[in-house]
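Colleague: okay, predicted coordinates and the sequence, questions at the end:
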Amino acid sequence: MPNMPRLRFIVVFLVLLAAFEFTLLIDVVDREVVRPFTSSIAAVSGSILGMSERNVHVQGTVISSPCFAVDIQNGCNGLEATFFVAAAVLAFPATWKMRALGFVTGTLIIQFANLMRVVTLFLIGCHRPALFEVFHIAVWQTTIFALAIGFFIVWSRRSLIANAPAP
Amino acid sequence: MRPLLKFIAGAVVAMAIWWFVTPSYDALLCSVLQRVGVSATAAGRAVNVTRAGGPSIRVPADQLTYNIILFAGLLAAVPPRRAWRAVAALVAVLAFHTVALYTTVQATYAVRAGPYSDAHYSTLAQDFWNSTDFIYRIGGMFAIAFVAWYAATASDRARESPPEASKAGPRRAPASRRDRSSFR
C-alpha cells in the first residue's frame, strides 16, 4: 500500500491542526497567551506605522489613528498559519531536529509576513478603504497560507535530503 | 520560480472568478441547503436564513468559500497528471462549502441568537457548532484546500519517489534529483 504514509500524513495533519486550533477557544489560553501575543503584534505594527502615519495609537490589540482603526483578532495574528506549519511538520516523517528547525523557521517567516499584513492592511484601510475587505479576506489570508504551504514543501524536501545516508 | 508564477496566476484568476461568481454560487449553496430543510436565500455576498419561531440571521457566505483561491493557485502551480483527480479534488472542496455554510448557520443559531440559542441548543451542542465553525474559518478551510490538492497529486509523487522516502525517522532516501521532486 504505497499511499499509506501519505494517508497517515493527511490524517495526523488534520487531527493536529484541529487540536491546535481548538486551544484558541479555551478562555485561559486566550487570556494568558493569545491576547498578550496579539497585543505585542499590535505594538510592533504600531511602531512601524508610526514611521509613516501621524497619531498612531495602540491599546491592547487595537491600532488606531484619525483615519482608521483595526482590532487584531484570532485569524489575523498569524497563529492559525503557525499552527498549520506546526501540524504539517509534526505529521511529516522527519527527525525531531528537522521538525524543530522547521517549526522555528516557519514561525519566524509566518510572523514576519503577518506583521506585513497588519501594517499594509492598516495603510489600505487608511488610504484605500474600498479595497480593505478584499485584501483582508482574500488576498492576505490566501498569501499567508500559501506561504505556510510553500515553506512546508521546501522544508519537507530538505528534510528528506538531510535524512539521506552518505554515499 | 515557475511554480510560484503559476501559483500567482492561478490565484489571481480564481480570485476574480470568486469575486464575481460568489452571488450566483451562494444561490447554488442555498438550493442545496434547502434540500436539508434550511430556509436559506442568497442576498448578494451573504445568505439570509429564516427559521420558524426563530430570528432571521444573515451569514457572510463569501467568507466560507475563498479557500478556492488557494486551491486554484496550488492546482495551477502543480497540477495532477490526471485531470479527473483535479475535478475530484475540486468537488471535495466545493462539498465542504456546503457543509461549512450549514455549520455556520447552526453555529449562529446556537450561540448568537439570544434566548433562542439557549432554548433550542444544549451547552454541548453550542460548543460543538461554535468550535466546528471556528476551526473551519480560522484554518480548516485552507487545510481542506491543501489536503485536496495534496491527495490529488500524491500518487504522482509516489510514482516519482519510492514509498521508503516517506517512512518515519532516518531512512534511505532516493537520489537528490528525486528528492527535489518528491513533494512537487
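Modeller: That came through, no problem.

Colleague: I figured residue B:19 hits residue A:134, correct?
Modeller: Yes: here residue B:19 reaches residue A:134: they are 7.1 Å apart, a contact under C-beta atoms under 8 Å. (C-beta placed from N, C-alpha, C; glycine too.)

Colleague: centroid residue for chain B?
Modeller: Closest residue to the average C-alpha location of chain B: residue B:141 at 4.1 Å, with C-alpha atoms, centre = their mean.

Colleague: hang on, that one packs against residue B:64?
Modeller: Yes: the pair residue B:141 / residue B:64 is scored as a contact, 7.0 Å apart, by C-beta under 8 Å.

Colleague: just for chain A, where's the confidence low?
Modeller: Counting by pLDDT under 70, the ranges of chain A that qualify are A:1-3, A:163-167.

Colleague: contacts only, for the most centrally placed residue in chain A.
Modeller: The centroid of chain A falls nearest to residue A:78 when counting by C-alpha atoms, centre = their mean (2.8 Å). Going by C-beta atoms under 8 Å, 6 or more residues apart in numbering or on different chains, residue A:78 touches A:41, A:110-111, A:113-114, A:117, A:144.

Colleague: list the buried ones in stretch B:51-59?
Modeller: B:51, B:57, B:59 (16 or more other C-beta atoms under 10 Å in any protein chain shown).

Colleague: the last one pairs with what?
Modeller: In other words, residue B:59. Under DSSP bridges, the beta-bridge partners of residue B:59 are residue B:47.

Colleague: hmm, it is touching residue B:44, no?
Modeller: No: contact criterion C-beta under 8 Å: residue B:59 and residue B:44 do not qualify, at 11.8 Å.

Colleague: thinking again about what came up before, for the helix or strand the residue nearest to the centre of chain B falls within, give me every contacting residue.
Modeller: Per DSSP states H and E: residue B:141 is located in helix B:141-160. The contact list for helix B:141-160 (C-beta under 8 Å, 6+ apart) reads A:2-3, A:6, A:10, A:13-14, A:17, A:84, A:87, A:141, A:145, A:148-149, B:64, B:66-68, B:70-71, B:74-75, B:78-81, B:85-86, B:88-90, B:92-93, B:96, B:100, B:178, B:181-184.

Colleague: got the CA positions of that helix in PDB?
Modeller: Taking C-alpha atoms only, helix B:141-160 is exported to PDB below (Å, rounded to 0.1, in the frame of the first residue of the first chain):
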ATOM      1  CA  MET B 141     -10.800  25.800   5.100                       C
ATOM      2  CA  PHE B 142      -7.200  26.200   4.000                       C
ATOM      3  CA  ALA B 143      -6.300  22.800   5.300                       C
ATOM      4  CA  ILE B 144      -9.100  21.300   3.200                       C
ATOM      5  CA  ALA B 145      -7.800  23.100   0.100                       C
ATOM      6  CA  PHE B 146      -4.300  21.900   0.800                       C
ATOM      7  CA  VAL B 147      -5.300  18.300   1.600                       C
ATOM      8  CA  ALA B 148      -7.500  18.100  -1.500                       C
ATOM      9  CA  TRP B 149      -4.600  19.300  -3.700                       C
ATOM     10  CA  TYR B 150      -2.100  17.100  -1.800                       C
ATOM     11  CA  ALA B 151      -4.300  14.000  -2.300                       C
ATOM     12  CA  ALA B 152      -4.900  14.800  -6.000                       C
ATOM     13  CA  THR B 153      -1.100  14.900  -6.600                       C
ATOM     14  CA  ALA B 154       0.000  12.300  -4.100                       C
ATOM     15  CA  SER B 155       0.100   9.400  -6.400                       C
ATOM     16  CA  ASP B 156       2.100  11.500  -8.900                       C
ATOM     17  CA  ARG B 157       4.700  12.000  -6.200                       C
ATOM     18  CA  ALA B 158       4.500   8.300  -5.300                       C
ATOM     19  CA  ARG B 159       5.500   7.500  -8.800                       C
ATOM     20  CA  GLU B 160       8.400   9.900  -8.700                       C
END
